[in-house]
Every structure is written in C-alpha cells, then in structure tokens.
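S.K.: take a look and give me a structure for this.
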Amino acid sequence: MNLSEDRLKWAYRAMVTARIYEETIAEIYMEGKTPKFDIAAGTIPGEMHLAAGQEPCAVGVCAYLRDSDAVTAPHRPHHVAIAKGVDLRKMTAEIFGKKTGLSHGKGGHMHLFDRDVNFTCSGIVAQGCGPAVGAALSAKMQGRDDIAVSYVGEGAVNQGGFHESVNLAALWDLGVIFVVEDNDWAISVHRKDAAAGPRIADRAAGYGIPGVYIEDNDTVALLKAAEEAVDRARRGDGPTIIQVETYRYMGHFQGDAEGYRPDGEKEALKERDPIPRFKQYLVDEGVLANGDAEKLEAEAQETVDDAIAFARESEFPEPEDALTHVFV
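M.R.: Numbering: from 1, shown residues only. I've put the predicted structure just below:
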C-alpha cells in the first residue's frame, strides 16, 4: 500500500470527521420535528440520508485522488464529499438552505456541487454513472490522466444507467472506477431479493474488466484494492468495479422506522465498527503513536463544530434570489 503515514492519518481523521458530522446532522435534523414528525419542519426541512458506517467506502478510494479527478456520489453523499475535500462550511450551509452554501442554498443535501474539487451528487438512482464516464472521456481526449469515480448503492446496479455506463467505459478503456456501496438494503428491499447472482463484482466479467469484492467493511483491504484500480485507470487500462460490503447504522432516511431490518442486525454490525478497527490497525503499524488518535479526533470535532456554527449563523436567501443562478 503506497500511502504515507500522513495520508493514513488523513484517512483516519476523515473517517472520524464523517462519523461526527453524520451523528451531529442527525440530531440537528430532528430540531422542530418533535413530538410529531413533520418532514417539512425544523432547521433542516426535507429528506435526509446519512451514511454513518460507510466511511471506508469514501476514504478507501479518495485517498488516491486529486482535486482534478471527478467524483459523483448518490443521495447518501456526505462521507464521500468530506473525503474528496468539499468545503465543509459551504456544504453544511447548503444543507441548511443558506445563501453561503455551495449552491446558495438551492440544492440541498442530495444536490451538492463543488467545482473546486470536482464533486457532485444526485438523488436520482444511478444518475452519476453517465457523468463520470463523460468526465473520464473528456480527460482521455485531452491527454490527461485524470480519472473519475462513480459511487452507487447496490440497488443502482440494476438500473440501465449503470449497465450502459460500465459498458461504454469498458468499450473505450476509460479511467472510471465504479464503487458499489453494498449496505444490503435498497430502501427496504434486501439485495438478495433484487439482484441476481451472489456478488455484484462478478458482473465485471461480462464487461471484460476487473471486479473486486471487499468483505466486512475493511478499510485496509479497500485501500489496497483502490490503489490498483486507480493506477489501472490512470494508465489508460480501463475501468474497475469495486463492491464494498458496508453497513449503514441509520435508516434509509431520517425518520425511517426500519421495520424491515431483522432484530439485532444493527447492534451486530456496530460490533464490527470500521473506525476503531482502522484505528487499531494504525496503532499496530506504528502510524498512530501516543496521543495521535486523540489529536486527530479533536481536530475532526473542531472542524464539524466550525461548519455547523457557520451554517447556523449564515443568512437565508431572499425570495427574489430564486430567480438568480438558475442557469449557472
């Protein structure tokens, strides 16, 4: 694994930042929504999809990316945005609907866009696959070795947009990595009830490209696999599908009663929490010495606190602002 100690520490800090951020947003989201849940009320109105537990998927691949590499994420995007380097202040303000947000408060949490680090996401299933292929094609035509990464959930792999995008990327040897965040549940439908075949990664053989399966939300295994996939993409040798067996500790959306989950499932998954496991690996490898983890965790907390304070203090757009930036 060709990562410096500083980069490994970055990965741990990014994972902790994402976890603290998601848990904080979960609390704030419920402001004004109790005792009777009203999705339109509160500090953050509308739907909210959180990814606590899926942090390895984000840092495992983004550890090797540049700002000039493109990343598209699905409707559960915050952990990937954090790992890609999206401005957390502006992202939080966007989620709060404030004018200082990435899109002046008009996009919300499922439509984040940061051109400075080439990150975008969408609430439409598999929508990011095509733009990722387009970004990789653009880089190839311009003679650049920049690549693209498209994050999708396991439910998205049965959409035509996924198949068409992987097919074209394979046909034209484009530098795209398709990361399938397999958290078992597409809303309330289990993968085994929706996807034929034992593993999504096995589908890669049908396109003549590598398919990699990462078990048990393993950050280290994903870092190793992603290094090879990124190198392959930059060399111009084509795309890779990486399926990550990951978990989400919260509902499909905040307010989801999760009646579809078997009793004890989440509790069992939390016993295999990827963050303390990765922390122990870094300690065993001598990357984290005495006090290093605590320092990184404190920095992560300060970063989140600062972003939340910025968003709370920012102003809402004026009604007439609805007519500005419409085509920008």
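
S.K.: my read is Ala26 is in a helix, agree?
M.R.: Yes - judged by DSSP: H, G, I helix; E, B strand; the rest coil, Ala26 forms part of a helix.

S.K.: who touches it in this structure?
M.R.: Listed by Cβ atoms under 8 Å, 6 or more residues apart in numbering, the contact partners of Ala26 are 48, 50, 52, 250, 254. Backbone N, C-alpha and C define where each C-beta goes, glycine included.

S.K.: ok, and the most crowded of those?
M.R.: Neighbour counts for the contacts of Ala26 (other Cβ atoms under 10 Å) peak at Met48, which has 26 neighbours.

S.K.: the stretch 151-300 of the chain: strands as residue ranges?
M.R.: Secondary structure of the stretch 151-300 of the chain (DSSP state E, counting those that start in this stretch): strands located at 176-182, 185-186, 189-190, 211-214, 240-245.

S.K.: who touches the second one?
M.R.: What that stands for is strand 185-186. The contact list for strand 185-186, computed with Cβ under 8 Å, 6+ apart, reads 153-155, 191, 194, 248, 252, 260-261.

S.K.: just those now: which is nearest Glu267?
M.R.: Nearest to Glu267 out of those is Arg261 (Cβ to Cβ; 10.4 Å).

S.K.: measure the closest one to His190 for me?
M.R.: 10 Å (Cβ to Cβ, to the nearest Å).

S.K.: end to end on stretch 303-321, go ahead and measure it.
M.R.: 29 Å (Cα to Cα, to the nearest Å).

S.K.: how far does it sit from its chain's centre?
M.R.: Relative to the mean C-alpha coordinate of its chain, stretch 303-321 is positioned 22 Å out (Cα atoms, centre = their mean, to the nearest Å).

S.K.: got the buried residues for it?
M.R.: For stretch 303-321, the neighbour count (16 or more other Cβ atoms under 10 Å) marks 303-304, 307-308, 310-311, 314, 317 as buried.

S.K.: go on, stretch 186-195?
M.R.: Those would be 186, 191, 195, for stretch 186-195 by 16+ other Cβ under 10 Å.

S.K.: check which helix or strand Ser150 maps to.
M.R.: strand 148-153 (DSSP states H and E).

S.K.: got the contact list for that strand?
M.R.: Contacts of strand 148-153 (Cβ under 8 Å, 6+ apart): 57, 61-62, 65, 69-74, 76-77, 80, 125-126, 128-129, 131-133, 135-136, 139, 162, 165, 174-183, 186.

S.K.: mark which of those residues are part of helices, please.
M.R.: 57, 61-62, 80, 129, 131-133, 135-136, 139, 162, 165 (DSSP state H).

S.K.: quick one: the helices in the protein?
M.R.: In the chain, the helices defined using DSSP H lie at 5-29, 55-62, 78-84, 88-95, 129-141, 160-171, 219-235, 265-270, 274-284, 292-313.

S.K.: now distance to Lys106 and mean pLDDT too, for these, in JSON lines please.
M.R.: Shown next, in JSON lines, are those (distance: least, Cβ to Cβ, whole Å; pLDDT from 0 to 100):
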{"stretch": "helix 5-29", "distance to Lys106": "19", "mean pLDDT": "98"}
{"stretch": "helix 55-62", "distance to Lys106": "25", "mean pLDDT": "98"}
{"stretch": "helix 78-84", "distance to Lys106": "17", "mean pLDDT": "98"}
{"stretch": "helix 88-95", "distance to Lys106": "8", "mean pLDDT": "98"}
{"stretch": "helix 129-141", "distance to Lys106": "19", "mean pLDDT": "98"}
{"stretch": "helix 160-171", "distance to Lys106": "24", "mean pLDDT": "98"}
{"stretch": "helix 219-235", "distance to Lys106": "33", "mean pLDDT": "98"}
{"stretch": "helix 265-270", "distance to Lys106": "34", "mean pLDDT": "91"}
{"stretch": "helix 274-284", "distance to Lys106": "33", "mean pLDDT": "98"}
{"stretch": "helix 292-313", "distance to Lys106": "15", "mean pLDDT": "98"}
